[in-house]
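Enquirer: below is the sequence, then the predicted model.
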Amino acid sequence: MHSSTMQFSEDISLLLALCISSLFLFLVFKKSIWKNRHFPPGPTPLPILGNILQLKGDYVKTLIKFRETYGDVCTIYLGSRPVILVTGYKAVKEVLVDKADDFLARGEMPAFDSYYKNYGLIFTSDMNRWRQLRRFSLSALRDFGMGKKSLEEKIQEEAACLVKELQKMEEAFFDPGQCLSKPPCNIIFSIMFGNRQKYDDEELLNVIEYVHKSFLVVSSPWGQLFEMFPGVMKFIPGPHQTISEYLEKLQIYVEKRVEMNEKTLDPANPRDYVDTFLIKMKKDKKDPQSEFSLRNLVYSTLQIFFAGVETISSVLTYSLLILLKNPDIIAKVQEEIDRVIGRDRCPTLQDRSQMPYTDTVMHEMLRFIDLLPLGVPRKTTKDTELQGYTIPKGTNVFPVLSSVLKDRSCFPYPSEFNPQNFQDENGEFKKNDAFIPLGAEPSLSSMNPVLVAVALVSVLVFLWFVKHTHVRGNLPPGPPPLPLVGNYIEIIKIQLVPFVKQMRCRYGDIFTIYLGQRPVVVVCGCQALKDALLRHGNAFNGRGYTPCMTEFYNDFGFAFSTNFERWKELRSFSVSVLRDFGMGKRSVESLVLEEAKCLVTEFRKNKGSEFDPFGILSQASTNIICSLTFGQRFEYDDEELKLLIVRLHETFYLLSAISGKLSNLIPGIMKYLPGAHKKIFNHMEDIVSFVRKRVELNQKTLDVNCPRDYIDAFLLKIQKQRNPNTEFNMDNLICSTLQIFFAGMETTSITLTYGFLLLLKYPDIQEKVHEEIDRVIGRDRCPTYQDKGMMPYTEAVIHEFLRYNDLVPFSMPRRMTEDTEFYGYNIPKETDVYLFLSSAHKDPDFFPNPESFNPENFLDEDGRFKKSEAYLVFAAGKRNCLGESLAHMEIFLLFTSILQNFTLTSPLSLDAIDIDPITTVLGNFPKPYMLYAKPR
Ligand code: HEM
């Protein structure tokens with residue numbers, strides 16, 4: 001009983017304490033609310049917190065939504081500070097235009113105010129100071145070109161530098177934000193300090209970084225808390241404290257520049273804003289009312305950097321991003337640029353009046369981007385009336401610009417990017433009074449000419465793009481490319497082969513696509529391909545850019561080198577050496593046959609149990625290349641061979657995975673991203689060291705009278721050469737050997753693997769091959785390449801494997817070696833070309849069953865083998881596949897040897913066997929699949 005009484009009295013004291021403190025808080029709160037009782041209505045605030053709890057998430061949207069409940073003018077509390085929100089065209093116009101004088105003072109922005117302490121042009125609420133500084137700044141800026149020719153020239157110079165900078169990027173992807181903040185910053189540099197900086201100048205980069213980072217912090221949640229509770233947040237550690245650190249760094253820099261100007265000042269000859277200010281300071285020295293102090297100079301300069309750098313670079317960056325999503329609009333703007341400006345001169349501001357469409361697009365961008373959704377805070381300069389409410393002097397006011405720019409009653413499509421927002425019924429440009437992207441902001445509006453200049457810079461970016469992409473000859477038409485990324489986005493979305501097929505339907509057999517800014521001419525269809533490969537063979541024989549490979553080989557070797565002379569020399573050497581070591585001769589045949597026998601033994605080892613043949617087939621084809629290049633085959637359980645194959649597979653696998661494909665498509669950006677593609681070069685390095693080791697071994701045992709293999713022949717050539725400029729050097733030896741390895745190993749093993757898979761699916765075809773083998777070769781001797789002539793069905797099956805599987809749908813990229821007229825287009829020297837080989841061997845005019853696997857595609861009515869002119873699996877002409885005859889011989893001998901000895905069946909039902917064409921070595925990497933090899 002006693003203890004329960006104690007408990008009761010404790011509870012009562014607690015309750016009383018709570019009641020008293022709540023009452024106290026309520027009274028304090030009530031007092032402040034009472035004071036503001038004539039303010040416009042608004043959401044009920046909490047003591048201390050104000051309306052902060054209602055402003056979670058996208059608070060701009062929330063603020064605008066208050067309009068629905070409380071009307072165009074309402075009051076919210078940021079902490080205990082009341083702010084009048086003004087929304088909608090009518091009310092905002094009243095604040096910014098009709099009663100501009102009453103709302104002219106700068107509102108509070110605690111994050112900046114705590115640093116600037118009311119000094120400087122933009123962030124001061126002292127009207128006298130503001131008036132003096134503004135009048136001076138406007139005239140100084142005007143003298144240094146604002147709205148005059150000289151500023152325009154400065155911007156043109158800057159734009160030309162930007163164009164150059166973008167040209168340097170070539171294929172690389174880059175962050176436009178980084179690139180596009182430099183020109184606006186440089187323009188402010190020239191106005192304030194009289195000179196521009198180089199784009200890699202550390203001072204320029206630092207200024208951009210400090211401005212950008214302080215904006216980032218101010219708009220972060222910490223910065224917002226600082227805005228609402230400056231009194232408390234000032235003392236709490238957190239990222240918001242870095243705002244003043246960045247501002248201080250900027251200030252130190254500005255002070256240094258001001259000092260430099262002071263030292264070299266010629267009062268008769270002011271060079272820039274700072275000079276003019278310094279002169280004015282000297283003149284007003286004795287005037288106690290003058291605001292021309294060092295502090296105001298430094299802070300005004302700093303604030304002009306703030307107003308002019310981040311704003312304009314954001315507008316430029318977002319403009320580009322918006323355009324990327326609107327290729328039709330870009331096409332129209334480009335058409336207007338071509339028509340009005342042409343390609344031989346820079347744009348001028350005057351051009352704008354003749355470019356209504358571009359002007360419309362620029363307006364719509366500024367509206368849509370909605371850079372300052374809440375405007376810049378204002379404060380009343382006296383007691384005034386707004387929409388029927390009395391607002392006392394010194395009240396903070398937010399003119400919510402977003403509510404005007406997205407006002408349904410002013411713009412027909414308020415929430416979408418649509419140039420029609422600035423067009424009349426005839427599609428002509430139509431001014432709109434509600435277009436106030438920077439408000440009628442007293443300080444910032446002086447920057448409007450710069451904003452117009454921004455538009456100009458944007459036009460220049462387009463112009464650069466147009467120049468860079470279209471100026472090269474009379475290229476075939478094609479899908480409109482986007483600036484910088486060309487057609488990459490669509491290609492990545494649907495993959496290259498389907499994309500090219502779609503484009504062929506739209507543009508015909510010859511068209512141009514853009515990989516970034518690089519135009520690539522695509523040639524399709526049997527006739528056009530043959531014209532390119534044979535009739536214009538020399539012109540189309542250069543090697544184009546293959547990002548991953550060109551870079552790895554550093555242009556050495558012959559298969560990927562873009563150096564045409566190098567290719568000619570090394571290719572003709574390689575062809576003749578491989579021929580001497582048996583290409584097309586019996587010796588290669590015996591070498592392949594030896595491998596075939598080993599393969600049969602390996603198959604037998606599985607004793608009828610199921611296994612995945614891909615690994616063994618890879619060992620067989622790798623061994624054949626090993627025999628040719630360094631004169632030796634390996635046992636199938638040799639660790640070195642196994643490791644080599646693992647590395648080769650992994651390389652192909654990684655190249656065919658999404659990040660590998662992207663590395664070939666957008667190498668510039670992938671270079672900087674983490675991912676599996678990073679391992680590609682490491683694996684290739686392992687293979688290089690393997691080849692290097694073999695070369696050293698050959699060097700030690702070289703017999704000049706008896707070259708044993710490709711490496712020996714190359715080494716002898718290096719020894720014999722007298723010409724210092726010859727291509728016969730170690731780098732070319734290593735890279736050429738490696739390229740033969742890569743080209744010859746995976747290609748044949750995948751073809752055979754998929755070939756066997758197809759036979760599992762089509763047992764009747766296997767039966768016919770068995771029948772032909774039994775009839776022509778029998779079971780007692782090994783097959784020979786000569787048998788091929790008597791085995792039309794098997795020959796047709798092998799051709800059909802290669803045709804149907806579509807292993808290499810495009811030639812390796814080609815590059816024009818000379819300016820060439822082709823089908824009415826002028827394709828300039830150095831243009832990259834993709835020959836879409838697959839379009840020939842999948843052409844219904846040449847093959848009765850183009851989309852299905854059917855050996856009849858290569859048989860005439862009498863069952864004889866029929867070669868087709870559209871069989872371009874190995875390309876054709878002088879730069880065809882170097883291993884074409886080897887591949888045919890290898891596939892024929894390994895295939896017939898296996899089928900002579902085994903019947904292949906699948907553990908799966910026929911329906912479950914998945915045989916989509918491979919499409920490309922770098923497309924679908926073979927999935928593991930099992931088969932039974934039953935001895936016959
Ligand atoms: C199924 C097997 C194969 C197919 C489908 C195939 C296909 C191709 C294709 C389409 C090209 C591009 C030609 C061009 O630039 O337009 C090529 C190039 C090449 N192939 Fe093959 N290939 C196969 C097997 C082999 C083999 C076994 C070797 C081994 C020697 C080899 C060595 C090469 C080389 C060195 C090149 C580059 C030629 C040059 O740039 O001059 N290929 N191959």
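Expert: Sure, I can see it.
Enquirer: going by C-alpha atoms from here, please, whenever you check contacts or count neighbours.
Expert: Will do.
Enquirer: neighbours of the one residue in the stretch 351-500 of the chain that gets nearest to the ligand, just the number please.
Expert: With C-alpha to the nearest ligand atom as the measure, Val497 is the residue of the stretch 351-500 of the chain nearest to the ligand, at 14.7 Å. By other C-alpha atoms under 10 Å, 18 other residues sit near Val497.
Enquirer: where does it land in three-state SS?
Expert: Judged by DSSP: H, G, I helix; E, B strand; the rest coil, the three-state class of Val497 is helix.
Enquirer: name the nearest residue to it, sequence neighbours excluded.
Expert: Leaving aside its sequence neighbours, Val497 sits nearest to Pro809 (C-alpha to C-alpha, 6 or more residues apart in numbering; 7.7 Å).
Enquirer: okay, now the one you found: neighbour count?
Expert: 27.
Enquirer: also Leu162?
Expert: When neighbours are counted by other C-alpha under 10 Å, Leu162 registers 21.
Enquirer: quick one: it is in a helix?
Expert: Yes: per three-state DSSP, Leu162 lies within a helix segment.
Enquirer: residue contacts, whatever residue of the stretch 451-600 of the chain ends up closest to the ligand?
Expert: Taking C-alpha to the nearest ligand atom, the ligand has its nearest neighbour within the stretch 451-600 of the chain at Ala559, 3.6 Å off. By C-alpha atoms under 8 Å, 6 or more residues apart in numbering, the residues touching Ala559 are 543, 567, 736, 739.
Enquirer: which of the residues you listed fall within helices?
Expert: Among these, the ones falling in helices (DSSP state H) are 567, 736, 739.
Enquirer: who wins for most neighbours among these?
Expert: Within the ones in helices among the contacts of Ala559, neighbour counts (other C-alpha under 10 Å) peak at Ser736, which reaches 25 neighbours.
Enquirer: how about the contacts made by the residue of the stretch 301-450 of the chain found nearest the ligand?
Expert: Closest to the ligand within the stretch 301-450 of the chain is Pro327: 32.3 Å, counting by C-alpha to the nearest ligand atom. Counting by C-alpha under 8 Å, 6+ apart, Pro327 touches 480-482.
Enquirer: residues in contact with the host helix or strand of Met549?
Expert: Taking DSSP states H and E as the definition, Met549 sits inside helix 547-553. Contacts with helix 547-553, where a contact means C-alpha under 8 Å, 6+ apart, come from 560-562, 663-665, 667, 681, 735.
Enquirer: among those, who's most crowded?
Expert: Phe560 (27 neighbours).
Enquirer: am I right that that residue is in contact with Asn554?
Expert: No: applying C-alpha atoms under 8 Å, one finds Phe560 not in contact with Asn554, separated by 9.2 Å.
Enquirer: nearest residue to Ser290 other than its sequence neighbours?
Expert: Nearest residue to Ser290, sequence neighbours excluded (C-alpha to C-alpha, 6+ apart): Asp284, at 6.3 Å.
Enquirer: thinking again about what came up before, can the contacts of Ala559 go into a markdown table with extra columns for pLDDT and distance to the ligand?
Expert: Below are the contacts of Ala559 laid out as a markdown table (pLDDT from 0 to 100; distance: C-alpha to the nearest ligand atom, whole Å):
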| residue | pLDDT | distance to the ligand |
| --- | --- | --- |
| Arg543 | 90 | 7 |
| Trp567 | 91 | 7 |
| Ser736 | 94 | 8 |
| Gln739 | 91 | 6 |
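Enquirer: same for the helix or strand that contains Leu759, what does it pack against?
Expert: Using DSSP H and E, Leu759 sits in helix 730-761. If you count contacts as 3 or more C-alpha pairs under 8 Å, 6 or more residues apart in numbering; DSSP states H and E, helix 730-761 packs onto helix 614-630, helix 639-656, helix 678-700, helix 710-720, helix 763-776, helix 792-805, helix 884-901, strand 902-905.
Enquirer: flag every buried residue along that helix.
Expert: For helix 730-761, the neighbour count (16 or more other C-alpha atoms under 10 Å) marks 730, 732-761 as buried.
Enquirer: coming back round to it: can you name the two of the contacts of helix 547-553 that sit furthest apart?
Expert: Within the contacts of helix 547-553, Leu665 and Cys735 form the most distant pair, 22.5 Å apart (C-alpha to C-alpha).
Enquirer: am I right that the residue nearest to Val497 is in a helix?
Expert: No: assigned with three-state DSSP, Pro809 falls outside any helix and is coil.
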